[in-house]
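Student: sequence unknown, structure follows:
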């Protein structure tokens, strides 16, 4: 008997709750800002690449670690590249630098150093 009473009460409560329609409050004048992921049909202005250097002999190559994943995450990749250059192209000087701006910032001092020392090139990126 108690079981029937319990089931009956449960059924009545369920019907009562279903009969109440819960609707969200109207949004009113509230606006939402969304980004459109569609590709813009307007092309960006193209900037030509710089001319290639004739040779790397006697030049300095900067390897710039953007520190994606932390300061020690990919440093060994740059050390391996530096070892490759020393074995295969000993006349090319390599410099490994870490960008103080990280992967999304700017390192104006490093850019200035590269320009002042007239580097033969730069390898910029992440590794690991």
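Tutor: That came in fine, so what should we check first? Treat the numbers as computed from the prediction; the structure is a model and nothing was measured.

Student: top helix in the protein by residue count?
Tutor: Residue-count comparison of every helix in the chain, with assignments taken from DSSP state H, identifies helix 2-19 as the longest.

Student: show me what counts as buried in it.
Tutor: By neighbour count with 16 or more other C-beta atoms under 10 Å, helix 2-19 contains no buried residues. The way it works is simple: take the backbone N, C-alpha and C, and place the C-beta from them, glycine included.

Student: now do that helix, average pLDDT.
Tutor: When pLDDT is averaged over helix 2-19, the result is 74.

Student: from the chain's centre, how far out does that helix sit?
Tutor: Here helix 2-19 is found 54 Å from its chain centre; the criterion is C-alpha atoms, centre = their mean, to the nearest Å.

Student: which residues touch residue 64?
Tutor: The neighbours of residue 64, taking C-beta atoms under 8 Å, 6 or more residues apart in numbering as the test, are 97, 98, 99, 110, 122, 123, 124, 125.

Student: my read: the fifth one touches residue 60, true?
Tutor: I take that to be residue 122. No: when contacts are counted by C-beta atoms under 8 Å, residue 122 is not listed as touching residue 60 (9.5 Å).

Student: in strands, which of the contacts of residue 64 fall?
Tutor: Members of those lying in strands (criterion: DSSP state E): 97, 98, 122, 123, 124, 125.

Student: what's the end-to-end length of stretch 71-78?
Tutor: 12 Å (C-alpha to C-alpha, to the nearest Å).

Student: residue 103: neighbour count?
Tutor: 12 (other C-beta atoms under 10 Å).

Student: surely it is in a helix?
Tutor: No: judged by DSSP: H, G, I helix; E, B strand; the rest coil, residue 103 forms no part of a helix; its state is coil.
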